[in-house]
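Enquirer: fold the following and give me the result.
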Amino acid sequence: TPGGLSTQFSSVGHYRIEPGQALLIEVPVAPGAEPDASGQRVYQGFQLGSLWYISLDYVHHQTSLNTAQAQIDPDGMIRMVVAHDDPGIANWIETTGRRRGILQFRWQRVDEPLGERLAPTLTVIDAGDVAAHLPFYEHNRIDAAGWSARIAARQRGFAERMLG
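Expert: Numbering: from 1, shown residues only. Predicted coordinates:
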């Protein structure tokens, strides 16, 4: 849907997952949103929120990702897994214990409507089957040290925004 800005589009939905379930979300990287040395022209981001549209704790948990933070697969897709427990991948989106909430995508500074070719898709899967649903699973794996580094980078980024 178009947003408040003439160059902004968003997609919002509700989720409900039980322990043992996960949501596989697949979304293509929008043209111009690819991270590179010259910076991104288009912003593309995803976040979870409460049923009251309040952002979940994005400082201490990975409850959101943008294209600069996300692991992008070699085919140009971002594949995220929303789950209660860590599936061992870089694009794990933490529910922080919430079984229900909102899912929100936002694109900013786009030149034209996104259309279905850039639309996100969502599939409910068994949490234990994550590897079978990720075509680039090995590319997406992350260990505990790598995860800690991701959270530390989020905390630094937040602190820099608040100080700057």
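
Enquirer: show me the shaky parts of this protein.
Expert: 1-4, 37-40, 164 (pLDDT under 70).

Enquirer: go through it and flag its longest helix.
Expert: What stands out as the longest helix in the chain, according to DSSP state H, is helix 144-163.

Enquirer: who are the packing partners of it?
Expert: Judged by 3 or more Cβ pairs under 8 Å, 6 or more residues apart in numbering; DSSP states H and E, helix 144-163 has no packing partners among the helices and strands. Any C-beta I mention is one placed from the backbone N, CA and C, and that applies to glycine too.

Enquirer: so how far is that helix off the chain centroid?
Expert: For helix 144-163, the separation from the chain centroid amounts to 16 Å (computed by Cα atoms, centre = their mean, to the nearest Å).

Enquirer: swap in stretch 49-60?
Expert: Using Cα atoms, centre = their mean, the mean C-alpha position of stretch 49-60 is found 13 Å from that of the whole chain.

Enquirer: ends of that stretch, what's the gap?
Expert: End-to-end distance for stretch 49-60: 15 Å, by Cα to Cα, to the nearest Å.

Enquirer: what are the buried residues along that stretch?
Expert: Gly49, Leu56, Tyr58 (16 or more other Cβ atoms under 10 Å).

Enquirer: would you map the strands across the protein?
Expert: For the chain, the strands defined by DSSP state E occupy 8-16, 21-28, 43-49, 64-66, 77-83, 92-94, 100-108, 121-126.

Enquirer: name the helices or strands packed onto the fifth one?
Expert: For strand 77-83, the elements it packs on are strand 21-28, strand 43-49, strand 92-94, judged by 3+ Cβ pairs under 8 Å, 6+ apart.
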